[in-house]
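J.: Predicted model and sequence follow; I will ask about them next.
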Amino acid sequence: MLALSTPSSPPLPPSPHGTATVTSTSSVALLRGAVARRDASLTSAVHAALVKSGGLHPAQPLTVTNSLLHAYLQCGLLPRALRLLDEMPRRDAATYASLISAHCRLGAPIDALRAFLNMLTWGGPGEGEDDAVRPNEFTAAAVLQACGLARDERLGRMVHGYLVAGGFCSDPFVVGSLVNMYAKVGCVLSARRLVLDLPCRDVVSWTALISGCVLNGMLEEALDVLVMMLEDGVLPNNVTMLSVIQACSLMGALELFGPVHALVVLLELEDDASVVNSLIMMYAKNGFVEDAMRLFESLYMSKGDVCSNEDVLAAILYGCTISGSQKCGEGFHGRLIKMGAFPSISVENSLMGMYARFEQVGAVHLVFNGMEDRDIVSWNTIISCMARSDSVNDAMELFSTLHAGGSGLKPDNVTVLSIVQACSNAGLLQQGQMLHGFIMKCGFVHDVSICNALISMYAKLGRLDSAEIIFEQMEIKDLVSWNALINAYGMHGDGHSALRIFHQLMDTGTLAPNDITFVSVISACSHSGLISEGYKCFESMRTEHNIEPSMEHYACVVDLLGRSGSFAEAEGFIRDMPLHPDSSIWGPLLAACQLHGNVDLAEKAANELSALEPESDIWRVSLSNTYALAGRWRDATKIRTEMRKTGVRKETGWSFVDVGGVESFKFVSADTRHHDAEKIYSVWHCMNKHMADLAVNVHNQSLVQFS
């Protein structure tokens, strides 16, 4: 915050006129050199010399004092600059232009605006209105820059009005600053009007308008302005192209990548590192990693240069990730090692993210363990990787290490969310409950996303009472919260409770159900036999909520009708669907046929599925089971035999047991691969014998009681 004290004059008398003139000229030259090199020591030395020689006395021209003030500000020594300002009995527009611009560079637009207001009210002791400091085009441009940084449209318009009244708006430099200000605060129409009203538009004004459009997410408008600029006969420069490339990248406008690249070549900017880096990032972030690599090689590798731009390196790794190019990513990792890109937290985090996406857990560990410094993103990346790769215990250990604070970091919302989802997916109730306690203690319970994840976790683990308690205690509920609880009840066949929550959602009046809501509630009705209620919800989608049903909704209705045995209605519903039925429609119908023993319709559904999914084993097993339940053993055996001949195998089902909340063991039927398989089967046989003996005892006791 800017605070000025009462000015006082230096006690030393001025030097003789001739000596002061020589000292002033040389001092200004020295200060310019200090500014160019950001040399704080030289600035302080010149300051001391000026104090000693009297070069800062009020009788001397302001040029020297302003140069010293500017040097301190450019060197980042704001406290010294403000102290010097306090000692200045006289100031001019250049004084304030330096101060306002410095505050803008430091990201303090409010302090810059305070400095401007102070300028307007400034007057030394005994000075009249004629001696007040009046702004010039440079102070006007500086204060407009502050308005743009503050993103304050109202303030910007007030300053615009002041500048109009002061006659500044005939200056092209000021008008260009106005364009830039309006573009930054989001008033692109006002900026565009100013540009079009200019008698002579240059590349600066057009570029300000284009960058403003990009800054405010008006990407198509930015490209429209580029076309207008070219039609106006003004060629873009490197700054213009940076904004244009960014717009194309954010839009994902693949058809424009080639033309924009060609425009860069036509403008002879292919050797401009900043422009080529932007092209590399544009290609990489949209999955065109080969094009990105070609540009990278031509700009850096072929010349033997080292790319120090971490954003570019991270973008290429991201491009390898989203394009699924693991081989390319591994190769680029090798290049990064050769070019000495490490240590770099952002690049190493990107590497971990890439390897995690490719499920290369060992590589993620290798990068993480080799990092000299880690931030919370590093920890979150490896924890989420471990959680997704079924190494939940490793993820929990990493979480505990992070929580212990040895790294100087603490878990954030992303960390906690990853661990909650890991416990949910792995079915770890005990760990989930412990984590819930941590969430309550550390205040994460106020995070809506984490509460939603807790609801889903308890729902998957069968603790619906805990899920609803969390829901009721939430201060703020979003639509995801409501959908999670509806889905929780539907998952466990409690359609009445799911409908109750659905109607509560409708009664709130603040949130409207979406397509996910209806999938959950119709599915809940299906699992509970609430046929009419479920179908009524489906019909209300279009009539009451203006939501067009998707294939998933139609599949839920088919499942709803099929489970109840309403096969005629289900067939009619499928026939009248506006969408062509796919496997998500015929699959539930086949499952319902198996449930009710409808062999004829099962064969029809299986025939449709055979055309849609010829390699799948699911419909074959389901049809075989339908035949078996109907006593048609020859047909069931025939399907199983065909599966063996064609090599189609039923996907192996597996189970796991959590021992003491410490370690999970996966196993399948007749599995002998475990190193303790002999001991496991020995215990299993003992358990079987023990249960058989108990059954005999219970049977004998029953006979004695009834004899």
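T.: That came in fine, so what should we check first?
J.: in the chain, which residue is closest to the centre?
T.: residue 414 (11.3 Å; CA atoms, centre = their mean).
J.: contacting residues around that one?
T.: The neighbourhood of residue 414, defined by CB atoms under 8 Å, 6 or more residues apart in numbering, consists of 376, 380, 384. Backbone N, C-alpha and C define where each C-beta goes, glycine included.
J.: Go ahead and confirm the last one touches residue 352.
T.: No: with the criterion set as CB atoms under 8 Å, residue 384 and residue 352 do not qualify as a contacting pair; they are 9.9 Å apart.
J.: follow-up on the earlier one: now a PyMOL select for only the buried ones of the contacts of residue 414.
T.: Selecting in PyMOL just the buried members of the contacts of residue 414, where the criterion is 16 or more other CB atoms under 10 Å, is done with this command:
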select buried, resi 380+384
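J.: just to revisit the earlier point, where's the residue nearest to the centre of the chain relative to residue 407, distance?
T.: Using CB to CB, to the nearest Å, residue 414 is found at 15 Å from residue 407.
J.: In JSON lines, list the contacts of residue 414 along with secondary structure and distance to residue 303.
T.: Formatted as JSON lines, the contacts of residue 414 follow (DSSP: H, G, I helix; E, B strand; the rest coil; distance: CB to CB, whole Å):
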{"residue": "376", "secondary structure": "helix", "distance to residue 303": "36"}
{"residue": "380", "secondary structure": "helix", "distance to residue 303": "37"}
{"residue": "384", "secondary structure": "helix", "distance to residue 303": "38"}
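J.: Okay, buried residues for the helix or strand harbouring the residue nearest to the centre of the chain please.
T.: Assigning secondary structure by DSSP states H and E places residue 414 in helix 413-426. By neighbour count on 16+ other CB under 10 Å, the buried set for helix 413-426 is 414-424, 426.
J.: After that helix, which helix or strand is next?
T.: Past helix 413-426, heading to the C-terminal end, the next element that is a helix or strand (DSSP H and E) is helix 429-442.
J.: Which elements pack onto that following helix?
T.: Identification of packing neighbours for helix 429-442 by 3 or more CB pairs under 8 Å, 6 or more residues apart in numbering; DSSP states H and E yields helix 392-404, helix 413-426, helix 448-460.
J.: what's the angle from it to helix 392-404?
T.: Using axes from the mean of the first three to the mean of the last three CA atoms, to 10 degrees, one finds that helix 429-442 and helix 392-404 are set 20 degrees apart in direction.
J.: what does helix 429-442 contact?
T.: In this structure, residues lying in contact with helix 429-442 by CB under 8 Å, 6+ apart are 392, 396, 403, 411, 416, 419-420, 423-424, 444-445, 450, 454, 457-458, 461, 463, 661.
J.: same question, stretch 284-299
T.: Contact partners of stretch 284-299, identified using CB under 8 Å, 6+ apart, comprise 249, 252, 254, 257, 273, 276-277, 279-281, 283, 305, 307, 312, 315-316, 318-320, 322-323, 325, 328, 332.
J.: try stretch 531-547
T.: The set of residues that contact stretch 531-547 without belonging to it, under CB under 8 Å, 6+ apart, is 495, 499, 502, 512-515, 518, 521-522, 524-526, 548-549, 553, 556-557, 560-561, 564, 566.
J.: Try it again at 10 Å.
T.: Residues lying outside stretch 531-547 but in contact with it, judged by CB atoms under 10 Å, 6 or more residues apart in numbering, are 495-496, 498-499, 502, 506, 512-515, 517-518, 521-528, 530, 548-550, 553-554, 556-557, 559-561, 563-566, 569, 573.
J.: which among those residues end up buried?
T.: For the contacts of stretch 531-547, a burial check counting by 16+ other CB under 10 Å picks out 495, 498-499, 502, 506, 513, 517-518, 521-528, 530, 549, 553-554, 556-557, 559-561, 563-566, 569, 573.
J.: What ranges in this structure fall below the confidence cut-off?
T.: For the chain, applying pLDDT under 70 flags the ranges 1-24, 59, 123-132, 646-675, 695-696, 698-707.
J.: residue boundaries of the strands in it?
T.: Assigned strands in the chain, in chain order: 655-659, 663-667 (criterion: DSSP state E).
J.: which ones are touching residue 605?
T.: Going by CB under 10 Å, 6+ apart, the list of residues near residue 605 reads 558, 562, 570-571, 574, 581, 583, 585-594, 598, 619, 622-623, 626.
J.: Next up, the contacts around the residue lying closest to it once chain neighbours are set aside.
T.: Leaving out its chain neighbours, the residue that sits closest to residue 605 by CB to CB, 6 or more residues apart in numbering is residue 590, at 4.0 Å. The contact partners of residue 590, by CB under 10 Å, 6+ apart, come to 562, 583, 598, 601-606, 608-609, 618-619, 622-623, 626.
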